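[1] structure here, sequence nowhere to be found:
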């Protein structure tokens with residue numbers, strides 16, 4: 001088995017950082033942003049986020065300028081503090097200690113991923129599929145298929161952990177049994193996904209059973 005980790009909202013509690021960055025960017029351009037608009041972007045690629053902001057606000061920057069303006073704000077917050085999600089870091093480190101490979105599958109770009117990785121031991125992630133190395137972002141299956149190929153593990157032998165509908169659709173459409181751990185937005189029932197309230201208390205010894213239960217919903 002291998003574990004495929006989403007980052008924002010699953011491994012680290014950075015979704016509020018993104019929402020605050022969106023509010024600040026739009027308000028600096030003279031507009032107003034809402035949590036309802038922000039919620040629509042949870043789990044989306046940064047390209048989608050940039051286009052959505054441009055279409056729904058007076059921000060006149062180009063897509064890449066919007067992406068970097070958001071990332072710069074979030075990176076500054078991450079360098080100050082890494083807000084780990086309950087149980088996530090503990091499970092990741094335990095899996096590493098017993099030899100279970102992990103991959104990071106995130107729509108954040110490498111400049112934002114690197115500061116998070118700096119707070120983890122070297123080699124925790126065997127592979128990283130970030131938003132700037134795939135052609136299609138979540139909910140497309142490509143990010144998860146990219147990760148399974150990098151690990152040389154069949155999708156059905158992996159377990160994904162996601163916190164958003166967009167991410168769960170990406171992992172399950174790639175054929176990866178998934179733990180859906182809602183955080184910022186609700187996740188509807190989807191084939192291939194098993195809902196749990198939190199990773200707090202989840203141990204490596206629980207993963208085989210969770211994997212089997214998630215796979216049974218396909």
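    Great, that's in hand. In this text, all values refer to a predicted model and were calculated from it rather than measured experimentally. Numbers count the residues shown, from 1 in each chain.
[2] where do the helices sit along this protein?
    Under the criterion DSSP state H, the chain contains helices at 15-28, 35-39, 46-55, 63-80, 88-97, 110-117, 142-151, 165-173, 204-215.
[3] buried ones in the first one?
    Taking 16 or more other Cβ atoms under 10 Å as the neighbour-count basis, helix 15-28 is seen to contain the buried residues 15, 17, 18, 19, 20, 21, 22, 23, 25, 26. Any C-beta I mention is one placed from the backbone N, CA and C, and that applies to glycine too.
[4] how is this structure divided into domains?
    The chain breaks down by automatic domain parsing into domains covering 2-13+83-215, 15-80.
[5] return the member of the ones you listed having the minimum mean pLDDT.
    Averaged per stretch, pLDDT over those is lowest on domain 15-80, reaching a mean of 93.
[6] run the chain-centre distance for it.
    Centroid separation for domain 15-80 versus its chain: 16 Å, with Cα atoms, centre = their mean, to the nearest Å.
[7] now do that domain: distance from first to last residue.
    Taking Cα to Cα, to the nearest Å, the first and last residues of domain 15-80 lie 15 Å apart.
[8] do stretch 86-103 as well
    Length of stretch 86-103, first residue to last, Cα to Cα: 19 Å.
[9] what's it in contact with?
    Stretch 86-103 is contacted from outside by 1-5, 10-12, 120-121, 123-129, 147-148, 150-151, 153, 161, 198-204, 207, using Cβ atoms under 8 Å, 6 or more residues apart in numbering.
[10] and for stretch 137-149?
    For stretch 137-149, contacts defined as Cβ under 8 Å, 6+ apart pick out 2, 4, 43-48, 103-107, 127, 129, 131, 133-136, 154-155, 158, 160, 165-167, 169-171, 173-176.
[11] thought residue 158 was touching residue 177?
    Yes: counting by Cβ atoms under 8 Å, residue 177 is a contact partner of residue 158 at 7.4 Å.
[12] overlap in contacts of the two?
    Residues touching both residue 158 and residue 177 (Cβ under 8 Å, 6+ apart): none.
[13] just the domains of the chain: most buried one?
    domain 2-13+83-215 (a mean of 19; mean count of other Cβ atoms under 10 Å).
[14] end to end, how far does that one reach?
    Counting by Cα to Cα, you get 14 Å between the two ends of domain 2-13+83-215.
[15] any idea how far it is from the chain center?
    Remark: domain 2-13+83-215 is offset 7 Å from the chain centroid, using Cα atoms, centre = their mean.
[16] which residue packs closest to the residue of the chain most remote from its centre, ignoring adjacent ones?
    Distance to the chain centre peaks in the chain at residue 30, reaching 29.9 Å (criterion: Cα atoms, centre = their mean). The shortest distance from residue 30 to any non-neighbouring residue, by Cβ to Cβ, 6 or more residues apart in numbering, is to residue 58 (5.4 Å).
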